[in-house]
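*Asks:* Sharing a model that was predicted from the sequence below.
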Amino acid sequence: MKPVIIALIFVLMFNACKNKADETPKEPIKIEYASFGKEIIADDAIASSSMLSHYKEMNVGDSINSKMTAKVLKVCQAKGCWMTLDLGDGNEAMVKFKDYGFFVPKDIAGKDVVVNGKAYVKEVPVDELQHYAEDAGKSAEEIAAITKPKKTFSFEADGVLIAQ
């Protein structure tokens with residue numbers, strides 16, 4: 001019985017120490033992106049949940065340069081001139097494009113993006129909120145119900161990558 005147990009131990013040790021060089025290395029998953037605006041790379045972008053932490057520490061008027069990844073919630077259906085990104089916990093960031101210099105496709109809701117630029121906190125006036133509601137295709141009643149300014153997390157993007 002002892003020789004069987006000893007043989008079993010040697011077999012298990014041999015398998016545990018087997019040379020891993022025989023295994024085929026796995027390629028990292030490469031995500032293809034469509035690029036808009038300034039050419040950027042996805043490296044070193046922070047997660048939207050990390051960006052939310054930064055936003056919560058900022059006051060109206062504060063800004064920081066940043067690059068983040070997030071999921072698109074809504075896009076301007078008139079021209080693709082703005083989008084909102086999911087920051088998590090029911091929060092979102094309103095993204096506009098630097099100098100109105102580029103637009104994004106209107107059908108990217110639900111896609112992952114990388115945005116590069118300036119994150120800031122602002123208070124959006126009622127007329128601007130109503131304009132965005134109109135661009136988003138809201139009804140006249142929904143637009144008329146907007147009667148108070150809103151503190152928002154905003155982002156001015158100079159470059160955007162859209163995961164394909």
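*Replies:* The structure has been received and is ready for your questions. The structure presented is a predicted model; accordingly, all values stated were derived computationally and were not measured.
*Asks:* C-alpha only now, for contacts and for neighbours.
*Replies:* OK.
*Asks:* Quick one, grab the pLDDT at the most centrally placed residue in the chain.
*Replies:* Central residue of the chain (Cα atoms, centre = their mean): residue 70, 1.2 Å from the mean position. pLDDT recorded at residue 70 is 98.
*Asks:* show me what contacts it?
*Replies:* 47, 48, 85, 86, 87, 112, 113, 114 (Cα atoms under 8 Å, 6 or more residues apart in numbering).
*Asks:* Make sure the fourth one is actually in contact with residue 109.
*Replies:* Okay, so that is residue 86. No - if you go by Cα atoms under 8 Å, residue 86 and residue 109 don't touch, sitting 10.5 Å apart.
*Asks:* okay, and the common contacts of the two?
*Replies:* Common neighbours of residue 86 and residue 109 (Cα under 8 Å, 6+ apart) are 71, 72, 73.
*Asks:* What remains of those if I keep only buried residues?
*Replies:* 71, 72, 73 (16 or more other Cα atoms under 10 Å).
*Asks:* ranges for the strands of the protein?
*Replies:* 33-37, 46-47, 63-75, 82-88, 91-97, 112-124, 150-163 (DSSP state E).
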